[in-house]
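Enquirer: okay, sequence plus prediction incoming.
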Amino acid sequence: MSNDADLKRLEQAFTSTPSYDGLPATLVHLKNSHGMTLSLMDVGATWLSCRLPLTSGFREVVLHAPDMAAHRKQTAYFGAIVGRYANRIDASQFSLSDRAYSLSSNEGKNTLHGGKEGFDKRRWTIVAQSHNAVTFHLDSEDGDQGFPGNLSASVTYVLDEENRVEIQYQAECDKACPINLTNHAYFNLAGVGSGVKSLEHILMMEAGHYLPTRKDLIPTGAWNPVSETAFDFSEPKVIGRDFLSDEDQKIAGGYDHAFVLDPDVCDGEALAVSLLAPDRSIIMKVSTTKPAIQFYSGNFLQGAPGDHGDYENFDGLALETQYLPDGPNHPEWGEKSGVYQANQPYRHRTAYQFLF
C-alpha cells in the first residue's frame, strides 16, 4: 500500500465515527520534500502518525489507536496534548496565593494530565494551516477541572526540511495558575508493529537528577543524582540493560520518572536527549526549552488498541518534555514547579528530529 493510501485509510478510520463531542474529527497531514509525513488531529491536538521514507519503504514510528472508536477507549493518551498540567498532582489539590484549589481526580485520589476531561479530550480549533505547519487553539474557562483562571492556549506543529518536528506551545492565563503542556507521543523507531520493544532502544539524556516516587507515582520530593544508578543515561545505553534493577523502578514497573535536564541544554537548540533504533537505522534527537523530561518505557501499554492489534507492554516509549510532576505542591523547586503568574506568557518549544 502506498503512503498516500495509508494516509487516506487513517483519515477514514478517524473521521467515520464521532469523537467525544459527537462530531467527526478533522485530520491534517504535513509533508516535506523528502516524503516524510506528519498526521495530526484536532481532537486533543493529537500527533497521530509519523511516517519516515526509508529505502525499505515507509516506517510508522508513532503509536496510535486503529480508529476513533478505539481512540476514545484508550487511556494511554496516544499523541495528545495534555494539560492544563501534565503528569501528576498529589491528592488533586494545591495552594496558590493563600488559596486552596481542588482538582478533578482521575487516578485514584490524584490528578493525572489535567483531570477527567483534560485537554486530550477537547476539540482544538485549527486557526492556521500550511503545507508544513498547523496551529491548534483552545480556550479553557476559569474553574475548568478545578484550575483557576481563563486560559488561552495554542500549539503549533512544524515539519521542516531537516526532518524535524517542532512543537511550539503558547498560553496565557488571567489568574496565577500552574501551566504544563506537553505532547504524549509514544515512539518505536523500529516501526510500530515490528515486535521490537522500547527496552531494545538506545537512550541518552543530558540529565543529572531524577525524581523517585511513591507507590502512586507521586514524587517523594527528593532529587536523586543519576550517577552510578540505573537512571544514568549520560552515555548512550540500551534501555533494558539495567531494567527493574532497583527499587525505584520496581515501584513504577520500569522507567516512569521525571529527569531534570542539565540547564545548559534547555535552550531549545542543544541536544537534550537522543534515541537510537536497535538496528541503528534511525536516530531521534530531542531539543527543548523545558527543564525536565518524563521518560516512560511503556510499562502499562498491554491491551491498549493498536493499528496492528492490541499493544503489549514496552511496544513504545514516551519522552514528555515538561515541568516537574506535582510541581504546584513544591514551590521550593522555583521555576521548575510550573506555576505562572496572571498574564505571564507561557512560551516553550520542543523538537524531535529524525535522522535516517
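Expert: Perfect, thanks for sending it. Numbering: from 1, shown residues only.

Enquirer: which parts of the chain are helices?
Expert: Counting by DSSP state H, residue ranges of the helices within the chain are 3-15, 68-73, 247-252.

Enquirer: how many residues are close by the residue lying closest to residue 257 once chain neighbours are set aside?
Expert: With Cβ to Cβ, 6 or more residues apart in numbering as the measure, residue 210 is the residue that lies nearest to residue 257, at 5.0 Å, once sequence neighbours are left out. C-beta: built from backbone N, CA, C; applies to glycine. Neighbouring residues of residue 210 were enumerated by other Cβ atoms under 10 Å; the total is 26.

Enquirer: tell me how far residue 210 lies from residue 248.
Expert: With distances defined as Cβ to Cβ, to the nearest Å, the gap from residue 210 to residue 248 amounts to 8 Å.

Enquirer: which residues are common contacts for those two?
Expert: For the pair residue 210 and residue 248, residues contacting each of them under the criterion Cβ atoms under 8 Å, 6 or more residues apart in numbering are 224, 231, 257.

Enquirer: thought the second one was touching residue 224?
Expert: The reference is to residue 231. Yes: counting by Cβ atoms under 8 Å, residue 231 touches residue 224, with 7.3 Å between them.

Enquirer: tell me which of these two has more neighbours.
Expert: A side-by-side neighbour count of residue 231 and residue 224, using other Cβ under 10 Å, places residue 231 first with 24 against 16.

Enquirer: for that one, which residues are in contact?
Expert: Neighbouring residues of residue 231 by Cβ under 8 Å, 6+ apart: 210, 224, 248, 255, 257, 259.

Enquirer: how about a cut-off of 7 Å?
Expert: Residues in contact with residue 231 (Cβ atoms under 7 Å, 6 or more residues apart in numbering) are 210, 257.

Enquirer: returning to what we had before: so can I have CSV of the helices of the chain showing distance to residue 133 and mean neighbour count?
Expert: Listed next are those as CSV, based on distance: least, Cβ to Cβ, whole Å; neighbours: other Cβ atoms under 10 Å:
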stretch, distance to residue 133, mean neighbour count
helix 3-15, 17, 17
helix 68-73, 24, 17
helix 247-252, 36, 15
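
Enquirer: now do the strands in the stretch 201-350 of the chain.
Expert: For the stretch 201-350 of the chain, the strands defined by DSSP state E, counting those that start in this stretch cover 202-205, 207-210, 224-225, 237-238, 256-261, 273-276, 283-288, 292-296, 317-322, 339-340, 346-355.

Enquirer: make TSV out of those and add distance to residue 94 and mean pLDDT.
Expert: Formatted as TSV, the entries for the strands of the stretch 201-350 of the chain read as follows, by distance: least, Cβ to Cβ, whole Å; pLDDT from 0 to 100:
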stretch	distance to residue 94	mean pLDDT
strand 202-205	28	98
strand 207-210	22	98
strand 224-225	23	98
strand 237-238	35	98
strand 256-261	17	98
strand 273-276	28	98
strand 283-288	24	98
strand 292-296	18	98
strand 317-322	16	98
strand 339-340	9	98
strand 346-355	17	98
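
Enquirer: mind putting the ones you listed into a markdown table with distance to residue 22?
Expert: As requested, the strands of the stretch 201-350 of the chain are arranged in a markdown table below (distance: least, Cβ to Cβ, whole Å):
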| stretch | distance to residue 22 |
| --- | --- |
| strand 202-205 | 41 |
| strand 207-210 | 42 |
| strand 224-225 | 46 |
| strand 237-238 | 46 |
| strand 256-261 | 34 |
| strand 273-276 | 38 |
| strand 283-288 | 36 |
| strand 292-296 | 31 |
| strand 317-322 | 29 |
| strand 339-340 | 33 |
| strand 346-355 | 31 |
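
Enquirer: list just the one of the ones you listed that sits closest to residue 305.
Expert: For the strands of the stretch 201-350 of the chain, the distance to residue 305 is smallest for strand 317-322, at 17.1 Å, taking Cβ to Cβ.

Enquirer: between strand 346-355 and the closest one, find me the angle.
Expert: For strand 317-322 against strand 346-355, the angle by axes from the mean of the first three to the mean of the last three Cα atoms, to 10 degrees is 150 degrees.

Enquirer: give me the pLDDT value at the residue of the chain positioned farthest from its centre.
Expert: Relative to the C-alpha centroid of the chain, counting by Cα atoms, centre = their mean, residue 98 is the outermost residue, at 31.3 Å. At residue 98 the predicted local distance difference test score is 92.

Enquirer: cool, and the one 4 residues further on?
Expert: Taken from the predicted model, the pLDDT recorded for residue 102 is 98.

Enquirer: wait, it touches residue 145, no?
Expert: No: with the criterion set as Cβ atoms under 7 Å, residue 102 and residue 145 do not qualify as a contacting pair; they are 10.0 Å apart.

Enquirer: have a look at those two and say which one is more surrounded.
Expert: When residue 102 and residue 145 are compared on other Cβ under 10 Å, the one with more neighbours turns out to be residue 145, at 20 against 11.

Enquirer: without its sequence neighbours, what residue ends up closest to the more buried one?
Expert: In space, and not counting its chain neighbours, residue 145 is closest to residue 115: 3.5 Å by Cβ to Cβ, 6+ apart.

Enquirer: wait, what's in contact with the one you found?
Expert: By Cβ under 7 Å, 6+ apart, residue 115 lies in contact with 103, 104, 106, 145, 146.

Enquirer: of all pairs in those residues, which one is the farthest apart?
Expert: Comparing the members of the contacts of residue 115, the greatest separation, given Cβ to Cβ, is between 106 and 146, at 11.4 Å.

Enquirer: next, the buried residues of stretch 111-124.
Expert: For stretch 111-124, the buried set under the neighbour-count rule, 16 or more other Cβ atoms under 10 Å, comprises 111, 112, 113, 114, 115, 118, 119, 120, 121, 122, 123, 124.
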